[in-house]
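In: need coordinates for the below:
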Amino acid sequence: MTHELKELIERAIYWQKTGVKSVLATVVALDGSSYRRPGVRMLLSEQGEWIGAVSGGCVEKEVAHQAQSVFETQFPKLMSYDGRYRLGCEGILYILLEPIHISESCENALQTILSQRKQFKCNSYYQNSEANYVGLGSILSIEGQMYPLSSSLKQEGLSNYDCFSQEFSPIFQLYIFGAEHDAVQLCRMATTIGWEVHIVAPPDEAKSLDYFEGAASLLTPLFEAVDTAKLDEQTAVVLMTHSFHKDIRYMMALKDITPAYFGILGPAHRRERIFEQLLNYVPDLESSFFDKINGPMGLNIGAESASEIAISILAEILSVIRNQQPIFLKDKRGHIHE
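Out: Just a heads-up that it's a prediction; the model follows:
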């Protein structure tokens, strides 16, 4: 969710600087089931453009239609969309539409909190009635400071209204140790789902950042100088250098990290050889370090090409960080989203 909000805010600021008004649509409540859950958003411009989505593409045209009155009045309103009759779904979506204007202080605070990889919150206040209301809307709460997303929002008396509150974690990171073709494919797909990707390559690597589509950085430190300070619990780490000795040297540098996911490419016998050699260098390494490593990494979906292997790896990372056991959805009991 964090990367989606970041993208919407950045686009709102761009439109704002070019004199284009925008309306933010946020799903604040749901009765029944829907394609997506409360907290999803889309941004619409007065020129008819939009980015983001609040459903699978079927609700957005109605949101664009309803947003016209918000552009005209510059007052927020709540709309509902009954999917039971229009989509065959079982739910009713309640969507807050609000005109937004991002202040410079809000922009700076958001950039800082994202770079510091800290949590923040967004509270969206609404009246459960389909009418325009002055003074309602969304407020970012960053480091104890409140930043309204609309210049017309009034912070007094908001406790009298309904509130949808959402916590935002740091943008999920993927650190890829390796710079071969399969790393390029994994990087491209990971950025597509909104992850922030960093490539760590050996010091003698000749490739540039442009080779890795979507990557935030390309780092080439000496093995013993790898900076692990930002490899937090919102980070996945994968080793895919295709070099037995390079993998060992990177593992020695990473032996003290506790990321959300730690994977290594290659068959089981290669993994065991790496572990054995690593213990020769670091004999007091605790067994818990080896227990957290996923190797061979990826789900067994019959992947063969680099792109298919990337899908397999991303699917396993998602299953680990979401604490889900992969199964066919047709075999899952209850709701898809729980």
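In: state the distance from the residue of the chain positioned farthest from its centre to residue 1.
Out: Computed with Cα atoms, centre = their mean, the residue of the chain farthest from its C-alpha average is residue 280, at 38.6 Å. Separation of residue 280 from residue 1 (Cβ to Cβ, to the nearest Å) stands at 44 Å. (Glycine included, C-beta is placed from N, CA and C.)
In: same check on residue 147?
Out: For residue 147 relative to residue 1 (Cβ to Cβ), the value is 18 Å.
In: neighbour count for these two, which is higher?
Out: residue 147 (19 against 16; other Cβ atoms under 10 Å).
In: helices along the stretch 101-250 of the chain, start to end?
Out: Listed in chain order, the helices of the stretch 101-250 of the chain (DSSP state H, counting those that start in this stretch) span 104-115, 181-192, 244-253.
In: what about the stretch 201-338 of the chain, any weak spots by pLDDT?
Out: Across the stretch 201-338 of the chain, the ranges flagged by pLDDT under 70 are 334-338.
In: show me where it has its strands.
Out: Secondary structure of the stretch 201-338 of the chain (DSSP state E, counting those that start in this stretch): strands located at 217-219, 235-239, 261-264, 293-294.
In: out of these, which is the most enclosed?
Out: Of all the strands of the stretch 201-338 of the chain, strand 235-239 has the most neighbours on average by mean count of other Cβ atoms under 10 Å, namely a mean of 25.
In: can you list the strands that it pairs with?
Out: Strand pairing for strand 235-239, using DSSP bridges, gives strand 173-177 (parallel), strand 261-264 (parallel).
In: and these as CSV, adding distance to residue 272?
Out: Below are the strands paired with strand 235-239 laid out as CSV (distance: least, Cβ to Cβ, whole Å):
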stretch, distance to residue 272
strand 173-177, 19
strand 261-264, 11
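In: of all those strands, which one is nearest residue 118?
Out: Proximity to residue 118, assessed across those by Cβ to Cβ, is greatest for strand 173-177 (13.9 Å).
In: just the angle between the closest one and helix 181-192, please?
Out: 170 degrees (axes from the mean of the first three to the mean of the last three Cα atoms, to 10 degrees).
In: what's in contact with strand 173-177?
Out: 183, 186-187, 190, 195-201, 230-232, 234-241, 247, 250, 259, 317 (Cβ atoms under 8 Å, 6 or more residues apart in numbering).
In: what pLDDT, on average, does that strand get?
Out: Average pLDDT, strand 173-177: 97.
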